[in-house]
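Peer 1: Got a predicted structure here, sequence first:
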Amino acid sequence: MNKLKSAAELERLRKKIVSQRDPKRTCVVTSVGTCGLARGAAGVAQAIAAELNKDGLKDTVDFRTTGCHGFCEIEPVVVIYPQRIVYQHVTPADVPEILSETVAKGKVIDRLLYTDPASGRKIIYEQDIPFYGKQYRLLTDSIRFIDPHNLDDYIALGGYSALSKALFDMHPEEALDEISKSGLRGRGGAGYPTFRKWEAMRSAPSYDGIRYVICNADEGDPGAYMDRSLLEGNPHNIIEGMIIGAHTMGSHDGYVYVRNEYPLAVQNLGIALEQAREYGFLGKNILGSGFDFDIKISRGGGAFICGESTALMASLEGHIGEPRQKHIHTAMKGLYGRPTDLNNVETWANVPLIINRGAKWYTKIGTEGSKGTKIFSLVGKINNTGLVEVPMGITLREMVYDIGGGIPDGKKFKAVQTGGPSGGCIPESLLDLSVDFDRLNEAGSMMGSGGMIVMDENTCMVDMARYFVKFLTEESCGKCVPCREGLDRMLDLLNAVTEGKGKKADIDLLEELGGVIKEASLCGLGGTAPNPVLSTLRYFRDEYKAHVVDKRCPAGVCKALIKFTVDAVNCTGCRVCAKECPEGAITGEKKKLHVIDQEKCVKCGLCRDLCKFDAVLVS
Amino acid sequence: MVELTIDGTKVRVMEGTSVLEAAREMGIVIPTLCYYPGLTSYGECRVCLVEVAKGKGRSSLEASCAMPVEAGMVVLTNSEKAVKARKVVMELLIASCPTSKTLQDMASNMGINKIRFAIKDRGCILCGRCVRFCKEQMRSGGIGFVGRGTSRKVATAFGVTPVECRNCGGCEWICPVCERACTANNLVNGLCGGCQNVAPVETCRICIGCSESVGAHGHSVY
């Protein structure tokens, strides 16, 4: 491949690629993102490739492996275009049938179809799945058309046209103005207006003219994987955003700081960078414009704190990943003391869209203060687990019930945790809250990077807060006292409460300590770490009181406070629980009432899960 | 020169001065631990917190040692919010290092009469004075931080004395904890009871019971 030397050459190439492709041609698509691979998509992809070769279908049928389509619950998934027939939970054994029946004859295989848990009906076509219905897939939709190892796929969809627009048709000032008008806010969590960062970095003096742009892909929140999905599925989108940003700000060096725990993202990004260099989108004299820019990958060592801007830059320089005081912003003095701009993966992904389609179009999506869409990873006690992209301003109720499909097993909704470990819990009474940066902050939570964990009635809020504080205690860098010692003592107090050793004064102490950690900590980790505790204290104080005053756990989770007994009415004496009890604590003859020996019982809850007659009670 | 307001008084100081230094110049006492003149500010201990107005009735707590002055800044060094946060931070410090006389005396000066948190004697408050002294003043860098969170400690690389170490003893000398170890072994409510009142300590004529009067390196008279 010769390097592209002008915008016209790029357009010629695009025309050539598009003309060679027939949209009506059958294409079998399987997603091999990390979620798919974990469920055996690699085997499915191999089987499809082998079968196509064997049957000689290769000439008439295309085959594409893509990143995650978003609906992780139904992985491994196979989609057949142009009809958009979706098959879920596909195994390599199903592949010959799919090819011989659906691809060759157009027959739909009933047993592989997705069943909507709400209505119970089987769904054939991708566009009819309710999970996708209320979404607005601005960034994630293209993933299903793109093989991340094939730059031509991205170009065919109009890729890098925003770059040529920014390079040739726009002055950097105009590009900045467009970002400013679009109201784009940082998707990493804090929601800082992107154009302000860009403007500050652009006008900051650099003694030797070196400036850096960095993409923050150190996504550490448990249960959040939006950035991973974007990097795996559509890496060129992020690269294009970064080049536009670099051109606007006058930078020639870029970094992507990505977690080493994302091997596939690192691999796909590496391949994409190589291809971009080959095509002339990176390196010297990009598209013949005279602008030079290149991107290096830096792999993180697995510290949660390295997602914080100053800690990330310290880590990039090879120092201990710990934050510093941010009185002098990184836009003035960041990486190696030069002006540096750091944006999240999702923020960068939005840039080409805004440049291409204009701020006027972009501002139509979203609310007054928060524009555009946001990707959330919807996980926890919810029917449809997966990545959802929604316009800002959608209500939590729509997300949980319409997109998420409600709570499994007919349980009751209790709370939703937004913003990852340092976000807060939002109770049922606030389900109609609109999801945008400002409303979530007001409710004591935050947008965060986009984790959304749904909890049902069987979740103990104290235990949940304890879990998150434990995570943050372990992930605190240990630099400043409130975060290091404060969180440790907070965990002690929460442990005492869940073990039934809490005192009434502990609740007030937790609140006071939480307030101080929030105010006095050095960086954003400590500044938001008490949120799980403070928000549960705000909305679920009764549960804390039940733990310390009545010494009981209303949700039946905290082991020290619960007791398992067998209900004399419901027990049929089936012996299932007695057989499976790991401690041998359950005795009883067949068809007679069983008894749990409280001395031996370790409260694992297995008997309750196994009992088909709801005969095991928790008190 | 930059003009700012500290505790209601307008003051003009050189650009680049920290809020702490500006306040000290005015004779206002702010307790410090990890701060040491001649070392870069680190902002670890958080006992020098002051309240900085952010406009629209909002304010935030900032470590004054690491906060450079800005024109028009409004600082309150002794507001209720700042004092309350400092006290909780002090409690946390004592809970992790109760055998330091410096800390015990500071707590006594702040009027703390009970430590409400579990005592876990780690013998070090990780203020990083020794680390910075070794690197910045001795130009050695023989010691540094190892580990993360509560398992963080000051150590040499791989646990062996590095060639960079010249045995100068500076790390020991500058430590606010080791230098004046408290021998009290019967803590009441986490506090030693305080020998501050019995020990012969020189005081200023205008003594306000500040932490400086019992600081690690004798006494600075204002």
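Peer 2: Alright, I've got the coordinates.
Peer 1: now residue A:431, nearest residue through space, not along the chain?
Peer 2: Of all residues not flanking residue A:431 in the chain, residue A:397 sits nearest, at 4.4 Å (C-beta to C-beta, 6 or more residues apart in numbering or on different chains). From N, CA and C alone the C-beta is placed, and that goes for glycine too.
Peer 1: Regarding the one you found, which helix or strand does it belong to?
Peer 2: According to DSSP states H and E, residue A:397 maps onto helix A:396-397.
Peer 1: so how far is that helix off the chain centroid?
Peer 2: Its chain's C-alpha centre and that of helix A:396-397 lie 18 Å apart, by C-alpha atoms, centre = their mean, to the nearest Å.
Peer 1: pLDDT averaged over it - what is it?
Peer 2: Mean pLDDT, helix A:396-397: 92.
Peer 1: Show me what that helix is in contact with.
Peer 2: With contacts defined as C-beta atoms under 8 Å, 6 or more residues apart in numbering or on different chains, helix A:396-397 is touched by A:416, A:426, A:430-433, A:435.
Peer 1: Let's see if you can find the most crowded of these.
Peer 2: Neighbour tally across the contacts of helix A:396-397 (other C-beta atoms under 10 Å in any protein chain shown): the maximum, 28 neighbours, falls on residue A:416.
Peer 1: For chain B, see how far away that one is.
Peer 2: Noted for residue A:416: a distance of 28 Å to chain B, by C-beta to the nearest C-beta, to the nearest Å.
Peer 1: What of residue A:227?
Peer 2: Per C-beta to the nearest C-beta, residue A:227 is found 22 Å from chain B.
Peer 1: Does that residue touch residue A:217 like I think?
Peer 2: Yes - between residue A:227 and residue A:217 there is a contact at 5.2 Å, judged by C-beta atoms under 8 Å.
Peer 1: Next, the contact list for the residue in the stretch 101-250 of chain A that chain B sits nearest to, please.
Peer 2: Residue of the stretch 101-250 of chain A nearest chain B, by C-beta to the nearest C-beta: residue A:220 (12.8 Å). Taking C-beta under 8 Å, 6+ apart, we find residue A:220 in contact with A:259, A:303-304, A:306-307, A:475.
Peer 1: mind running it again at 10 Å?
Peer 2: For residue A:220, the contacting residues are A:259, A:261, A:300, A:302-308, A:420-421, A:449, A:471, A:475, by C-beta atoms under 10 Å, 6 or more residues apart in numbering or on different chains.
Peer 1: Restricted to helices, list those residues.
Peer 2: A:471, A:475 (DSSP state H).
Peer 1: which of the contacts of residue A:220 count as buried?
Peer 2: Taking 16 or more other C-beta atoms under 10 Å in any protein chain shown as the criterion, what is buried in the contacts of residue A:220 is A:259, A:261, A:300, A:303-308, A:420-421, A:449, A:471, A:475.
Peer 1: Make TSV from those residues and add distance to residue B:9 and pLDDT to it.
Peer 2: Converted to TSV, the buried ones among the contacts of residue A:220 look like this (distance: C-beta to C-beta, whole Å; pLDDT from 0 to 100):
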residue	distance to residue B:9	pLDDT
A:259	49	92
A:261	53	91
A:300	47	90
A:303	43	89
A:304	42	90
A:305	38	92
A:306	42	92
A:307	41	90
A:308	36	91
A:420	43	81
A:421	43	83
A:449	44	79
A:471	45	93
A:475	42	91
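Peer 1: count of residues packed around residue A:411?
Peer 2: Using other C-beta under 10 Å, residue A:411 is surrounded by 14 other residues.
Peer 1: Residue of chain B closest to chain A, please.
Peer 2: In chain B, the residue that lies nearest chain A is residue B:152 (3.4 Å; C-beta to the nearest C-beta).
Peer 1: That residue touches residue A:476, doesn't it?
Peer 2: Yes - Residue B:152 is within contact range of residue A:476, at 8.9 Å (criterion: C-beta atoms under 10 Å).
Peer 1: Mutual contacts of those two, please.
Peer 2: With C-beta under 10 Å, 6+ apart, residue B:152 and residue A:476 have common neighbours A:322, A:484.
Peer 1: re the thing from before, the residue of the stretch 101-250 of chain A closest to chain B in helix, strand or coil?
Peer 2: Following DSSP: H, G, I helix; E, B strand; the rest coil, residue A:220 is assigned to coil.
Peer 1: residues in contact with residue B:95?
Peer 2: Residue B:95 neighbours (C-beta under 10 Å, 6+ apart): A:485-486, A:488-489, A:492, B:115-122, B:190.
Peer 1: Helix or strand: which one has it?
Peer 2: Residue B:95 is part of helix B:80-96, with elements assigned from DSSP H and E.
Peer 1: Same question for residue A:254.
Peer 2: Assigned by DSSP H and E, residue A:254 falls within strand A:253-259.
Peer 1: Past that strand, which element shows up next along the chain?
Peer 2: helix A:263-279.
Peer 1: In contact with the nearest residue in space to residue B:39 that is not next to it in sequence: list those residues for me.
Peer 2: Once flanking residues are discounted, residue B:39 sits nearest to residue B:132: 4.5 Å by C-beta to C-beta, 6+ apart. Residues counted as contacts of residue B:132 (C-beta under 10 Å, 6+ apart) are B:34, B:36, B:38-42, B:174.
Peer 1: who wins for neighbours among those?
Peer 2: residue B:34 (25 neighbours).
Peer 1: So what does it have for phi and psi?
Peer 2: phi -80, psi -10 (degrees, to the nearest 10).
Peer 1: Could you report the neighbour count for the nearest residue to it once chain neighbours are set aside?
Peer 2: Distances taken as C-beta to C-beta, 6+ apart put residue B:127 closest to residue B:34, at 3.7 Å, once the chain neighbours are dropped. When neighbours are counted by other C-beta under 10 Å, residue B:127 registers 25.
Peer 1: Tell me the secondary structure at residue B:127.
Peer 2: Under three-state DSSP, residue B:127 comes out as coil.
Peer 1: ok, it touching residue B:177?
Peer 2: Yes - using C-beta under 10 Å as the test, residue B:127 is close enough to residue B:177 to be in contact (8.0 Å).
Peer 1: which residues do these two both contact?
Peer 2: In contact with both residue B:127 and residue B:177: B:33, B:93, B:97, using C-beta under 10 Å, 6+ apart.
Peer 1: Which one of these sits in the busiest neighbourhood?
Peer 2: Neighbour count (other C-beta under 10 Å) singles out residue B:33 as the most crowded of the shared contacts of residue B:127 and residue B:177, with 27 neighbours.
Peer 1: Just confirm it contacts residue B:92, I think it does.
Peer 2: No - look at residue B:33 against residue B:92 with C-beta under 10 Å: they stay out of range, at 12.0 Å.
Peer 1: Now the common contact residues for these two.
Peer 2: When contacts are counted by C-beta under 10 Å, 6+ apart, residue B:33 and residue B:92 have A:481, B:45-46, B:125 as shared neighbours.
Peer 1: Once you drop chain neighbours, what's closest to residue B:76?
Peer 2: The shortest distance from residue B:76 to any non-neighbouring residue, by C-beta to C-beta, 6+ apart, is to residue B:51 (4.4 Å).
Peer 1: Can you list phi and psi of the one you found for me?
Peer 2: Torsion angles at residue B:51 (phi, psi; degrees, to the nearest 10) stand at phi -90, psi 130.
Peer 1: Can you name the residues bridging to it?
Peer 2: Counting by DSSP bridges, residue B:51 forms beta bridges with residue B:61, residue B:76.
Peer 1: Since that was my last question, I'll sign off now.
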